[in-house]
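**Student:** Test case, fold it:
(one chain, ligands or ions: 2)
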Amino acid sequence: MRAVRLHGKEDIRIDDVADVAPGPGQVRVAPAHNGICGSDLHMYFQGTFQADRGPIVLGHEFAGIVDAVGDGVTSVAVGTPVTVRPFHRCGTCYRCEQGMTHLCKPLSCVGCGAEGGGLAEHVVLPEHMVFALPDGVSLEQGALVEPMAVSYQGILRAGITPEANSVIFGAGPIGIGTFLGLRALGHDGVVVVEPSPVRRAAIEALGAATVLDPAVHDVPAEVRARTGGRGADVAFECAGVTASFHAGIGSLAARGRLVIVAVYEDLVTWHPNQLMMDELEVRTALAYEPGAFEAVLDLMARGHYRPDGWVEHIPLDAVVDEGFLPLRRGERLKVLVDVTP
Ligand SMILES: [Zn+2]
Ligand SMILES: [Zn+2]
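**Tutor:** Ligands and ions are numbered 1, 2, ... in the order given. Okay, the predicted model is just below:
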């Protein structure tokens with residue numbers, strides 16, 4: 001079967017590899033669409049994966065059709081359209097027992113170094129990773145559940161109250177997911193900050209009313225002006241750069257919270273007193289805790305998270321030229337690779 005494999009820094013090849021068969025308790029999925037994610041870009045351009053363990057199949061954001069099941073599988077059958085929660089867990093450590101399966105160590109994710117990935121004709125998965133798509137949720141949307149759940153975890157970690165003001169830094173897929181998640185939960189009036197005109201236009205088309213260009217606006221002053229001088233109770237950091245970290249802190253209300261959802265490439269320095277003087281908090285969100293993935297799937301079934309205007313499709317053969325390269329240049333938002341022609 002064909003599989004997109006990362007062999008080293010900036011070295012992706014479409015290889016012919018041995019096909020796989022499901023064992024007991026396992027499900028084989030034929031991926032239909034697989035999204036390219038910021039962490040894929042990090043692995044590709046920075047070489048941040050364990051190359052000594054050999055080439056890895058890429059793809060951790062995908063949906064497809066079940067095409068074989070092993071003994072004992074009961075939740076899905078051959079032909080079921082499914083989406084995939086790609087994280088392994090041991091199920092027995094302290095973290096797993098405390099309901100933090102997403103923090104089980106070592107972090108192990110299909111398509112990021114663990115066996116198999118969504119950018120292949122077949123992938124074999126333990127049954128707990130596979131979720132049948134509800135009526136009304138397409139395979140295209142199914143491939144978006146994973147990144148939207150990352151955004152949703154940020155909202156959960158914010159501990160957001162109904163009357164909270166919030167601001168989102170970055171209108172890439174995770175910022176868009178945060179915007180759509182907040183709206184699904186009834187939060188209107190969210191301020192979005194994004195330097196790229198392409199991304200500003202995309203999130204405006206999705207209904208964001210206040211979208212600021214940080215090259216033009218003094219963002220903390222604007223946020224204060226739009227909240228009656230109070231500031232934002234929550235700032236979602238979905239950009240992963242020094243400027244947005246500082247603007248996020250600077251925009252917060254007393255006892256406000258900055259939630260880091262983005263991955264940073266560079267160090268950020270700040271003075272702890274800056275947090276102390278307003279009793280501010282910095283929190284982080286990683287992947288998604290039990291229930292978050294299911295919550296996004298449920299919201300999708302109720303009509304949220306439409307893919308209109310921000311999702312593009314490319315063929316498998318074009319994964320680098322039409323996927324990784326234009327994404328790195330910031331020319332595209334979310335690219336789904338059509339694995340099954
Ligand atoms: Zn991802
Ligand atoms: Zn564990």
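**Student:** C-alpha only now, for contacts and for neighbours.
**Tutor:** Will do.
**Student:** list the buried ones in stretch 231-251?
**Tutor:** Neighbour counts using 16 or more other CA atoms under 10 Å place 231-242, 244-251 of stretch 231-251 among the buried residues.
**Student:** end-to-end on that stretch?
**Tutor:** 6 Å (CA to CA, to the nearest Å).
**Student:** neighbouring contacts of it?
**Tutor:** Stretch 231-251 has contacts (CA atoms under 8 Å, 6 or more residues apart in numbering) with 154, 158, 160, 164-172, 174-175, 219-221, 223-225, 252-268, 270, 275, 280.
**Student:** Mind checking which of these are buried?
**Tutor:** Among those, those buried by neighbour count (16+ other CA under 10 Å) are 154, 158, 160, 165-172, 174-175, 219-220, 223-224, 252-262, 275, 280.
**Student:** Among those residues, which ones are in helices?
**Tutor:** Mapping the buried ones among the contacts of stretch 231-251 onto helices (DSSP state H) picks out 154, 158, 174, 175, 219, 220, 223, 224, 275.
**Student:** Do I have it right that the fourth one meets residue 155?
**Tutor:** No - with contacts counted by CA atoms under 8 Å, residue 175 stays clear of residue 155, the gap being 11.1 Å.
**Student:** And the average pLDDT for stretch 244-263 is what?
**Tutor:** Stretch 244-263 comes out with an average pLDDT of 97.
**Student:** how far out from the middle of the chain is that stretch?
**Tutor:** Centre-to-centre, stretch 244-263 and its host chain are 19 Å apart (CA atoms, centre = their mean, to the nearest Å).
**Student:** Quote the end-to-end distance of that stretch.
**Tutor:** Across stretch 244-263, the terminal residues are separated by 12 Å (CA to CA).
**Student:** Tell me the pLDDT of residue 42.
**Tutor:** Per-residue confidence (pLDDT) for residue 42: 89.
**Student:** From what I see, it and residue 48 are in contact.
**Tutor:** Yes - between residue 42 and residue 48 there is a contact under CA under 8 Å: 6.5 Å.
**Student:** Between these two, which is the more surrounded one?
**Tutor:** Higher neighbour count among residue 42 and residue 48: residue 42, with 17 against 14, using other CA atoms under 10 Å.
**Student:** can you pull the buried residues of the worst-scoring helix or strand of the chain on mean pLDDT?
**Tutor:** Lowest by mean pLDDT, DSSP states H and E among the helices and strands of the chain is helix 38-46, with a mean of 91. Neighbour-count burial for helix 38-46, counted by 16+ other CA under 10 Å, picks out 38, 40, 41, 42, 43, 44, 45.
**Student:** same deal with stretch 81-101?
**Tutor:** Neighbour-count burial for stretch 81-101, counted by 16+ other CA under 10 Å, picks out 81-89, 95-96, 100-101.
**Student:** Which members of those additionally contact ligand 2?
**Tutor:** Counting by CA under 5 Å from the ion, the subset of these that neighbours ligand 2 consists of residue 96.
**Student:** can you redo the buried residues of stretch 81-101 as a markdown table with secondary structure and pLDDT?
**Tutor:** Below are the buried residues of stretch 81-101 laid out as a markdown table (DSSP: H, G, I helix; E, B strand; the rest coil; pLDDT from 0 to 100):
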| residue | secondary structure | pLDDT |
| --- | --- | --- |
| 81 | strand | 98 |
| 82 | strand | 98 |
| 83 | strand | 98 |
| 84 | strand | 98 |
| 85 | coil | 98 |
| 86 | coil | 97 |
| 87 | strand | 96 |
| 88 | coil | 96 |
| 89 | coil | 95 |
| 95 | helix | 97 |
| 96 | helix | 97 |
| 100 | coil | 96 |
| 101 | helix | 96 |
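**Student:** Quick check: the two most widely separated of the buried residues of stretch 81-101?
**Tutor:** Spanning the widest gap among the buried residues of stretch 81-101 are 81 and 95, at 30.9 Å by CA to CA.
**Student:** Summarise which helices and strands the very next helix or strand once past the least confident helix or strand of the chain is packed against.
**Tutor:** Note on helix 38-46: by DSSP states H and E, the next helix or strand toward the C-terminus is strand 56-57. Contacts defined by 3 or more CA pairs under 8 Å, 6 or more residues apart in numbering; DSSP states H and E place strand 56-57 against strand 2-8.
**Student:** Give me the contacts around the strand it packs on.
**Tutor:** Contact with strand 2-8 is made by 12-17, 44, 47, 51, 54-58, 119-121, as judged by CA under 8 Å, 6+ apart.
**Student:** quick check: angle from that strand to helix 38-46?
**Tutor:** Calculated by axes from the mean of the first three to the mean of the last three CA atoms, to 10 degrees, strand 2-8 forms an angle of 50 degrees with helix 38-46.
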